[in-house]
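In: got a predicted structure here, sequence first:
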Amino acid sequence: QVQLVESGGGLVQAGGSLHLSCAASGSIFRIDDMDWYRQAPGKQRELVARASAAGTPYYTDSVKGRFAISRDNAKKTVYLQMNSLKPEDTGVYYCHAEIYSPGLTGKYDHWGQGTQVTVSS
């Protein structure tokens, strides 16, 4: 079994910062992409940032220059540093990872439970 556990959400005023973490554990052989998604009330879940196993990080346009994604492969952890937060950044943030597990063919999608980020104006 594989688990993704997120931490670091909370309530912050506009202009403030938050740091999210997501640690993967369990039966893991290799991790490809590690991402952060968010879902605002009444909206579809959207990709916010992606840290590929090898390659340039991806950011959705609305967070470029404000958010930074990083990963520590030894710790199987992905981070999201969020600066200059805006009320429109409010939502539930989900960690996602593509993981190869011993004994299984191919990679599988895994999701964290989500962490609430609320930005007040």
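Out: Yep, it's here.

In: where in the chain is pLDDT low?
Out: Counting by pLDDT under 70, not a single residue of the chain qualifies.

In: let's see that with 90 instead.
Out: 53-55, 103-105 (pLDDT under 90).

In: quick one: the strands in it?
Out: 2-7, 10-13, 18-26, 30-39, 46-51, 58-59, 67-72, 77-82, 91-100, 107-111, 115-120 (DSSP state E).

In: reformat the ones you listed as JSON lines; add mean neighbour count.
Out: C-beta: built from backbone N, CA, C; applies to glycine. JSON lines is the format used below for the strands of the chain (neighbours: other CB atoms under 10 Å):
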{"stretch": "strand 2-7", "mean neighbour count": "16"}
{"stretch": "strand 10-13", "mean neighbour count": "13"}
{"stretch": "strand 18-26", "mean neighbour count": "18"}
{"stretch": "strand 30-39", "mean neighbour count": "20"}
{"stretch": "strand 46-51", "mean neighbour count": "19"}
{"stretch": "strand 58-59", "mean neighbour count": "16"}
{"stretch": "strand 67-72", "mean neighbour count": "17"}
{"stretch": "strand 77-82", "mean neighbour count": "22"}
{"stretch": "strand 91-100", "mean neighbour count": "21"}
{"stretch": "strand 107-111", "mean neighbour count": "15"}
{"stretch": "strand 115-120", "mean neighbour count": "17"}
